[in-house]
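*Asks:* Prediction below, plus the sequence it came from.
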Amino acid sequence: MVVNTLIHNLMEAGFSEYEARAYIALTRENPLTAYEIAREAGIPTAKIYGVVSRLAHKGVFSVTGEGKGKRYIPMDTEDFVEGLRGRIHTTLTQIEGGLAGITRKSGNSGILNLLGYDYIIDKAQRLITGSRRTLLVSVWQQDMEALRPALKKAESRHIQTAIVHFGAPEARAGLVFHHPTDSTAYGENGGRGLVVVADSLEALTATVTEDSTVEGATSTNRGFVSLAEEYIKHDIYMMKLVRRFDRDFKRMFGQGYEKLRDVFSDEARL
């Protein structure tokens, strides 16, 4: 499992699968001939010389001997990682500059669909980290763990933060309003929601369903941001009332405020 993760990470950093396998095999045992690398890494021998040639171009090993006696020694791990980090940083800087140069400026912001839990959490963390003035967050207990470090840092930067939290009460990170109707909300929405609004300028919304399907969207579109912001604000308004009149609310609308949440009727027990 660890090796598979390492192969995936090296591929994310620009290596092919065979290149990643070859480098890992060489790191485990060296020096090795090309044939020995192929055997240890499970790479077809017909492919190994092309793989070794590409790794040589990347400068990730040194060579001893000549001809059939040629053997390969991997670069020191620390040097390899630092060199890779520098190349990736340079590449991303060039991509950023290039895209900035060709991006068409527009007064209208589109809505970007997001799929995948890790991607959505990463975007939420970046929104929180990039905030400058205010943060509004609606989050469930299951997702708070991933966001807490970024929220704590935002608090240390004196970002005004208000959080609607579904589930068991959490350690504070900003002003937290505990939502008491998590089971009711889950049933109504078909899953747990995540909403983050940064500086009233950009918003993310997402839903994680019971079967772990994850869908979301993010945008700087003013209508989209306003809708997400008002959603959280109205929950906060309600939580302020609930804190002060919880007993009366439950008596009037049920233990989970079912009648209050039914927007297609205006009934109460009293």
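*Replies:* Good, I have the coordinates. Predicted model, so just to flag it, every value in this text is computed and none were measured.
*Asks:* Pass me the low-pLDDT residue ranges in the stretch 151-270 of the chain, would you?
*Replies:* 169-174, 180-190, 269-270 (pLDDT under 70).
*Asks:* Identify each of the strands in it and give its residue range.
*Replies:* For the stretch 151-270 of the chain, strands defined by DSSP state E, counting those that start in this stretch occupy the ranges 160-166, 175-179, 191-198, 202-209, 214-219.
*Asks:* where's Phe249 relative to Val164, distance?
*Replies:* 17 Å (CB to CB, to the nearest Å). C-beta: built from backbone N, CA, C; applies to glycine.
*Asks:* In PDB, could you pull the C-alpha coordinates for stretch 112-123?
*Replies:* The C-alpha coordinates for stretch 112-123 follow below in PDB (Å, rounded to 0.1, in the frame of the first residue of the first chain):
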ATOM      1  CA  LEU A 112     -17.100  25.600 -11.400                       C
ATOM      2  CA  ASN A 113     -18.400  22.200 -10.600                       C
ATOM      3  CA  LEU A 114     -16.300  20.100  -8.200                       C
ATOM      4  CA  LEU A 115     -16.200  16.300  -7.900                       C
ATOM      5  CA  GLY A 116     -14.200  14.300  -5.400                       C
ATOM      6  CA  TYR A 117     -14.000  14.700  -1.600                       C
ATOM      7  CA  ASP A 118     -10.300  15.500  -1.400                       C
ATOM      8  CA  TYR A 119     -10.500  18.200  -4.100                       C
ATOM      9  CA  ILE A 120     -13.500  19.800  -2.400                       C
ATOM     10  CA  ILE A 121     -11.700  19.800   1.000                       C
ATOM     11  CA  ASP A 122      -8.600  21.200  -0.600                       C
ATOM     12  CA  LYS A 123     -10.500  24.000  -2.200                       C
END
